[in-house]
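Student: sequence and computational prediction follow.
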Protein chains: 2
Amino acid sequence: MSEPTTLKKNEKKYHHGDLRGALLEAIRQLIEREGADSFSIAEACRIAGVSTAAPYKHFRDRGEMLRGVALLAMDRLRADMQDAVNAHAPRTPERVVALGQAYVDFARREPGVFRLMFGLSGDHAEDAELTEAGEKANLMVEGVVSDHLDLPVGSDEVRLRAYALWCFVHGHSFLVLDGKRSDAEAALPEHALLDLVGRAILPV
Amino acid sequence: MSEPTTLKKNEKKYHHGDLRGALLEAIRQLIEREGADSFSIAEACRIAGVSTAAPYKHFRDRGEMLRGVALLAMDRLRADMQDAVNAHAPRTPERVVALGQAYVDFARREPGVFRLMFGLSGDHAEDAELTEAGEKANLMVEGVVSDHLDLPVGSDEVRLRAYALWCFVHGHSFLVLDGKRSDAEAALPEHALLDLVGRAILPV
DNA sequence: CCTCCAAGTTAGCATTGCTCACATATGTAT
DNA sequence: ATACATATGTGAGCAATGCTAACTTGGAGG
């Protein structure tokens, strides 16, 4: 027990100890290295030091592996956002900016899994856990907006503006990751952008 | 000559006539049906009625086929946006809303290629033609914003606000396509959303 | 009419996701 | 301790994939 996720060379045993965890980590790395759609299970097996049939004892298929990685990532993203919110006083523009910045930073830091969480994960199979994790993050944002506007959390006004903010940072993140910005756009100071939008959508 | 892209059953000839065009169309359909990353060249060949080796006389590899489809799509998108702009008077909020709506409508109408144009196309190979087509669309948006604010096209103010608008509609489009909105968010009237953001980012 | 070359073909390679039957270790009850 | 049941590993093998190589076809231009 207390076996590390990656075994030391000589400690090779027939039973891995935590193959599921080791595979999730290996897959995460591969996704970052070569994208979620072109990573290969075989490669992950090589990293984990296990045969290509082994993963199927822990995951039903490729999709379930990806969903596992996405789920962990979604929790990390939410934690980042929560930290950003906690670091600033309520009803300040800084808090809103920091929240958005956390989202974009995550996308930049883990572009592969970020794309996975949104784009690829929903390829055709809805995952209840992932959806739930996402809605939890969403609720937090609505909380911040509700605070800011001094309006009830469930109100349309709050939802509309919270969603507008989400759309913005989400779109920006993808345009950054996919390199779709022109040079001039890439040169725009990100803080100014977040500040402009934050103040525009959430009037003081 | 004037051969249709799909041959009638009995008109089978050794040389297809316009295999390149036929493949691009077949691939486009397949992308819409099953996504850009899981479409198979073999399937496209079956549709076009040729062997699986034939496409390589017209495209270097899979990526070049996808880029071909994306390029055509980018032109369609730009045309849609241009039409929307032309349909409304300058400096009206309606014009901005219509422009955004055209973007979102395209994403909804051709979700597969829309994802392709942005996400997958830039997997790691930059395509000069596609980038150029994209920048042409971008320039149009900056023109509208410049008009609206009565500021020069190259100014940072124009670029910043144009880019903010783009981020917003882009993010919204992806969230819609990927089904990431909660039920409450999906119920928000889209026009209100576009109008809110348009007026917030481009003050009258 | 002949010749050349673009545009097809068939055959085949390595790799992929996944399944099967079998092997091995671990934990629990006796 | 012994024996068994079960979770977790292996190895061989399937069909499908992207792509290449060597051959065939047929149409256009001298």
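Tutor: Right, received. Where do you want to start?

Student: care to break chain A down by domain?
Tutor: Following automatic domain parsing, one gets these domains for chain A: A:9-57, A:69-201.

Student: most packed of the ones you listed?
Tutor: domain A:69-201 (a mean of 18; mean count of other C-beta atoms under 10 Å in any protein chain shown). C-beta: built from backbone N, CA, C; applies to glycine.

Student: sorry, back to before: pipe the domains of chain A into CSV and attach mean pLDDT and distance to DNA strand C per row.
Tutor: Below are the domains of chain A laid out as CSV (pLDDT from 0 to 100; distance: least, C-beta to the nearest atom of the strand, whole Å):
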stretch, mean pLDDT, distance to DNA strand C
domain A:9-57, 86, 3
domain A:69-201, 93, 11
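
Student: longest helix of chain A?
Tutor: helix A:62-86 (DSSP state H).

Student: quick one, what contacts residue A:51?
Tutor: residue A:45 (C-beta atoms under 8 Å, 6 or more residues apart in numbering or on different chains).

Student: buried sites along stretch A:59-68?
Tutor: Across stretch A:59-68, burial judged by 16 or more other C-beta atoms under 10 Å in any protein chain shown covers A:59, A:65, A:66, A:67, A:68.

Student: grab the nearest non-local neighbour of residue A:172.
Tutor: residue B:167 (4.2 Å; C-beta to C-beta, 6 or more residues apart in numbering or on different chains).

Student: ok, the one you found touching residue A:166?
Tutor: No - with contacts counted by C-beta atoms under 8 Å, residue B:167 stays clear of residue A:166, the gap being 11.0 Å.

Student: need the residues touching each of those two.
Tutor: By C-beta under 8 Å, 6+ apart, no residue touches both residue B:167 and residue A:166.

Student: ok so, going back, among the domains of chain A, which comes closest to residue B:134?
Tutor: domain A:69-201 (6.4 Å; C-beta to C-beta).

Student: now the end-to-end length of the closest one.
Tutor: 33 Å (C-alpha to C-alpha, to the nearest Å).

Student: wait, which of the buried residues of stretch A:59-68 is closest to chain B?
Tutor: Set against chain B, the nearest of the buried residues of stretch A:59-68 by C-beta to the nearest C-beta is residue A:66 (11.7 Å).

Student: residues making contact with stretch A:145-160?
Tutor: Residues contacting stretch A:145-160 (C-beta under 8 Å, 6+ apart): A:90-91, A:95-96, A:142-143, A:161-162, A:165, A:202, B:184-185, B:188, B:192-193, B:196.
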